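Asks: Mind looking at a prediction? Sequence and model below.
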Amino acid sequence: MIDYRSWRHTFKLDPDKTIGDDELEALCESGTDAIIVGGTYGVTYDNTLELMSRIRRYAVPAVLEISSLDAVVPGFDSYFIPLVINAGDADWLFAPHVSGLKAFGQYIHWDEIIAEGYLVANPDSGVARLTKARPIEGAAEAKAYAQTAAKICRLPIVYLEYSGAYGDPAVVRACKSGAGEAHLFYGGGIRTAEQAAEMAALADTIVVGNVIYEDLQAALSTVRAVKR
Ligand SMILES: CC(C)=CCC/C(C)=C/CC/C(C)=C/CC/C(C)=C/CC/C(C)=C/CC/C(C)=C/CC/C(C)=C/COP(=O)(O)OP(=O)(O)O
Ligand SMILES: O=P(O)(O)OC[C@@H](O)CO
Ligand SMILES: [Mg+2]
């Protein structure tokens, strides 16, 4: 079982995007705690396998956040399974999971599977459109969602997903308060060391994604900001 509870910083790499060997080495050797592989669109078996095998040259833990049943690739240290707790289309709560268990049930090592209560907070993100995510009406409602994930569903992870936008610190704080014993991941819009430090002070683990593909040095600075 991976020790995600000790993680403070992760990078999320999208198999649908291009990353050079030197850039990948810099990310994997940066001191980050783990590489998460995932994305909403364009994730295929082949591009996921290719990215995984390149990450596997390095010692850093590698996790696949499953978003498509067509791209469940063996060989990761662990598999994060999102349940979109504010999905307006309820099929994103359990339907693909039931299909996944029918398809892959016999191959599953349950100690490699970790469920995430996914709270989608940026209405303009791809994942919000895909799942028809319900808007979050303020910090009190965010806390209630986090409590629903952590205390009612007893999920081990609450993932506050602002993908593409920098989040509201009051909402992050509310999710931390609602998550209780569950581990809070925050991801979305972190582009500077200062933003990384701000969100790392509020959440247990931060996730840095898109900036990797736009400004590698800025992405690397987020590790130093959290780890120093
Ligand atoms: C052989 C082998 C390896 C066996 C392993 C067995 C195993 C792990 C089986 C899985 C069984 C199972 C329960 C599968 C469920 C699979 C599944 C399809 C679940 C649905 C997941 C889901 C709700 C997806 C919706 C989209 C989502 C939440 C994606 C998460 C990632 C994400 C949001 C990334 C960010 O995307 P990005 O593109 O950067 O940003 P935008 O959204 O803004 O575009
Ligand atoms: O890509 P960004 O906006 O950094 O978000 C990170 C991650 O939460 C995306 O799933
Ligand atoms: Mg992304």
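Replies: Sure, I can see it. Numbering: from 1, shown residues only. Ligands and ions are numbered 1, 2, ... in the order given.
Asks: Pull the contacting residues for Thr18.
Replies: Contacts for Thr18 (Cβ atoms under 8 Å, 6 or more residues apart in numbering) come out as Tyr213. All C-beta atoms are positioned from the backbone trio N, CA, C, and that covers glycine.
Asks: Please report how far it lies from ligand 1.
Replies: For Thr18, the distance to ligand 1 (Cβ to the nearest ligand atom, to the nearest Å) stands at 14 Å.
Asks: Check the secondary structure at that residue for me.
Replies: Following DSSP: H, G, I helix; E, B strand; the rest coil, the label given to Thr18 is coil.
Asks: pLDDT wise, what is it at?
Replies: Here the pLDDT value assigned to Thr18 is 98.
Asks: residue of the chain with the smallest distance to ligand 2?
Replies: Gly187 (2.0 Å; Cβ to the nearest ligand atom).
Asks: Name the nearest residue to that residue, ignoring sequence neighbours.
Replies: Excluding its sequence neighbours, the residue lying closest to Gly187 (Cβ to Cβ, 6 or more residues apart in numbering) is Val207, at 3.3 Å.
Asks: mind checking the SS state of the one you found?
Replies: Per three-state DSSP, Val207 ends up strand.
Asks: Quick check, it in contact with Leu13.
Replies: No: Val207 is beyond contact range of Leu13, at 10.7 Å (criterion: Cβ atoms under 8 Å).
Asks: biggest helix in this protein by residues?
Replies: helix 91-104 (DSSP state H).
Asks: wait, does that one make contact with ligand 1?
Replies: Yes: using Cβ under 6 Å from any ligand atom, we find that helix 91-104 touches ligand 1 at 92, 96-97, 100-101, 104.
Asks: Could you turn the buried ones of these into a ChimeraX selection?
Replies: Restricted to buried positions by 16 or more other Cβ atoms under 10 Å, the ChimeraX selection for the residues of helix 91-104 next to ligand 1 reads:
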select :92,96,97,100
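Asks: With just CA atoms, put the helix or strand just after the longest helix of the chain into PDB.
Replies: Going down the chain from helix 91-104, the next helix or strand is strand 113-120, by DSSP states H and E. C-alpha atoms of strand 113-120 as PDB (Å, rounded to 0.1, in the frame of the first residue of the first chain):
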ATOM      1  CA  ILE A 113      -7.200   0.600  -4.900                       C
ATOM      2  CA  ILE A 114      -7.900   3.900  -3.100                       C
ATOM      3  CA  ALA A 115     -11.200   5.700  -3.600                       C
ATOM      4  CA  GLU A 116     -11.400   9.500  -3.800                       C
ATOM      5  CA  GLY A 117     -14.400  11.600  -3.000                       C
ATOM      6  CA  TYR A 118     -14.000  14.100  -5.800                       C
ATOM      7  CA  LEU A 119     -15.500  17.500  -5.300                       C
ATOM      8  CA  VAL A 120     -15.500  19.400  -8.600                       C
END
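Asks: Would you mind measuring from Asn122 to Pro169?
Replies: Separation of Asn122 from Pro169 (Cβ to Cβ, to the nearest Å) stands at 15 Å.
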